[in-house]
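Student: I need the structure of the sequence given here:
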Amino acid sequence: MKFCVAQNFSVGDADYNQNNAYCFTCPLTAEGKRQTLTLTLGKVGELHGGADGETRNSYYTIPASDLLIFDLRHGTILARNK
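Tutor: This is a model prediction of the structure:
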């Protein structure tokens, strides 16, 4: 699972048009490579954002839950049951 925002935006000195997407997903590996992580039910996970290919190809596997919280201010994600 990941979610993306597709519009014109800038990151540092790089400008991106609508053909690019800024995505929020799991963090990259220590080497800066994509990965797929499983989010643990009831445990806060780190939310990473970026527009590069490795970030766009990283995914969280979300457990069955009835509530999914994205906290963009703090860069966290939480799946839980009420």
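
Student: okay, CA-based contacts and neighbour counts for the rest of this
Tutor: Noted.

Student: can you give me the end-to-end span of stretch 66-81?
Tutor: From its first residue to its last, stretch 66-81 covers 5 Å (C-alpha to C-alpha, to the nearest Å).

Student: can you pull the buried residues of that stretch?
Tutor: Neighbour-count burial for stretch 66-81, counted by 16 or more other C-alpha atoms under 10 Å, picks out Leu68, Phe70, Thr76, Ile77, Leu78, Ala79, Arg80.

Student: and for stretch 41-51?
Tutor: Buried residues in stretch 41-51 (16+ other C-alpha under 10 Å): Leu41, Val44, Gly45, Leu47, His48, Gly49, Gly50, Ala51.

Student: off-centre distance for it?
Tutor: Centroid displacement of stretch 41-51 relative to its chain, using C-alpha atoms, centre = their mean, to the nearest Å, is 6 Å.

Student: count of neighbours near Thr36?
Tutor: 16 (other C-alpha atoms under 10 Å).

Student: let me fix that: Tyr60
Tutor: 19.

Student: list the neighbouring strands of whatever helix or strand it lives in plus their orientation.
Tutor: Using DSSP states H and E, Tyr60 sits within strand 59-61. Applying DSSP bridges to the sheet, strand 59-61 is found paired with strand 36-38 (parallel).

Student: which residues are contacting the partner strand?
Tutor: Applying C-alpha atoms under 8 Å, 6 or more residues apart in numbering, the external contacts of strand 36-38 come out as Cys26, Ser58, Tyr59, Tyr60, Thr61, Ile62, Pro63.
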